[in-house]
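# what follows is a predicted protein model with its sequence.
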Amino acid sequence: MHPDVLNGITADFETARKLKAVFREGWSHPERVAGWVKGGLHAEFHDEACRQAWKDALSEAVQLAPSDRALDLGTGPGTIASMWAELGFRTTGIDFSPGMLEAGHKLATSRGLNLEFIEGDAEDPPVGDQSFGVISTRFVLYTLPHPGYAVRRWVQLLEPGGKLLLIGHERPDNSPPPTPTTTALQAPPKRGWQVDDHYRSALDQLPFMDHKPTDLQVVMEAAGLSEIRRLPIAGLESAREQLRQRDAEVAVGTSHPYIVVGRK
Ligand SMILES: C[S@@+](CC[C@H](N)C(=O)[O-])C[C@H]1O[C@@H](n2cnc3c(N)ncnc32)[C@H](O)[C@@H]1O
């Protein structure tokens, strides 16, 4: 882990602003948005059995949350936000990519879900003085210039007793160690958007690129959370396998996701 992550500030303000501008542009590219919505790390969210496996794990993680207000940060096309809405939470999803939010609106509408989407920075969510019973983020911390600061900010936005869920994933066995470039290319578009030198050099400056589940636990503890535990997405592997057998064309994910949850 980068030695400064726990202090919160890992890049000066101007550098962080420039890095986020590079990533925002990248995540807003229409081909990248389309690739993400269809691709390996999101494809399973179009499948009901996989969605159910995710919902079961998420609901276990947020048992005894103090309210039904949920906030999902770096929500992309509302991936986890739509799960909260299906579980009965009043949900807000925040992302800085207008294309992702548009895709999220479309998917939510097609599912008959009522979700609020807001364009904004996950490191400093534009939610005024609202607080939430549940805050989540999936596959986002690695791409933030200030992951430690962000987690502290999110803890401030939690109600007392609220749950913070940081969702990450581990590489499948035998895959090569990730580099910024291979990580960014995990869900590459077939054509259109590509990682260029400018983007690659921005990725190289990120402090949390290759974080482990235990790093998430340490960051959560440093931000003042307790009862921190790691949960698997039980049932996901068998649902993925059935999906692969039903439709060989679907690019089902091969990494192993996990949820780290802590209580304020
Ligand atoms: C790897 S995708 C994950 C999307 C979604 N959470 C999911 O699980 O499908 C990362 C998302 O984080 C968003 N993102 C990255 N940095 C952000 C920031 N500083 N503020 C808001 N959104 C951000 C990107 O636009 C993208 O939608």
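Nice, I can see it.
# contacts and neighbour counts: CA atoms only from here.
Noted.
# so which residues of the chain form helices?
For the chain, the helices defined by DSSP state H cover 13-28, 30-38, 48-61, 79-86, 98-110, 147-157, 180-184, 197-204, 213-222, 236-246.
# can I assume residue 108 is in contact with residue 114?
Yes: look at residue 108 against residue 114 with Cα atoms under 8 Å: they come within range, at 6.9 Å.
# the longest strand along the chain pairs with which strands, and in what direction?
Identified as the longest strand of the chain according to DSSP state E is strand 158-170. According to DSSP bridges, strand 158-170 forms sheet pairs with strand 132-138 (parallel), strand 256-263 (antiparallel).
# how about CSV for those strands, with mean pLDDT added?
Formatted as CSV, the strands paired with strand 158-170 follow (pLDDT from 0 to 100):
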stretch, mean pLDDT
strand 132-138, 98
strand 256-263, 96
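# tell me the most buried of those?
Highest mean neighbour count among the strands paired with strand 158-170 (mean count of other Cα atoms under 10 Å): strand 132-138, with a mean of 25.
# is that one positioned near the ligand?
Yes: against the ligand, strand 132-138 shows contacts by Cα under 6 Å from any ligand atom at 137, 138.
# can I get the CA coordinates of that strand in PDB?
Provided in PDB are the C-alpha atoms of strand 132-138 (Å, rounded to 0.1, in the frame of the first residue of the first chain):
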ATOM      1  CA  PHE A 132     -27.100   7.400   4.500                       C
ATOM      2  CA  GLY A 133     -27.700   4.100   6.100                       C
ATOM      3  CA  VAL A 134     -25.600   2.300   3.500                       C
ATOM      4  CA  ILE A 135     -22.800   3.500   1.200                       C
ATOM      5  CA  SER A 136     -21.200   1.300  -1.400                       C
ATOM      6  CA  THR A 137     -18.700   1.400  -4.100                       C
ATOM      7  CA  ARG A 138     -17.600  -1.400  -6.500                       C
END
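# now the angle between helix 79-86 and it, please.
Counting by axes from the mean of the first three to the mean of the last three Cα atoms, to 10 degrees, strand 132-138 lies at 150 degrees to helix 79-86.
# what parts of the stretch 51-200 of the chain come near the ligand?
74-76, 79, 95-97, 100, 120-123, 137-140, 143-144.
# and with 5 Å instead?
74, 75, 76, 79, 95, 96, 97, 121, 122, 138, 139, 140 (Cα under 5 Å from any ligand atom).
# hmm, back to that, list the buried residues of the longest strand of the chain.
Neighbour-count burial for strand 158-170, counted by 16 or more other Cα atoms under 10 Å, picks out 158, 159, 160, 161, 162, 163, 164, 165, 166, 167, 168, 169.
# sorry, back to before: just name the most buried of the helices of the chain.
When you average the neighbours per residue for each of the helices of the chain (mean count of other Cα under 10 Å), helix 79-86 leads with a mean of 24.
# let me see the contact set for residue 264.
Contact analysis of residue 264 by Cα atoms under 8 Å, 6 or more residues apart in numbering lists 155, 158, 159, 160, 161, 162, 163, 164, 224, 225, 226.
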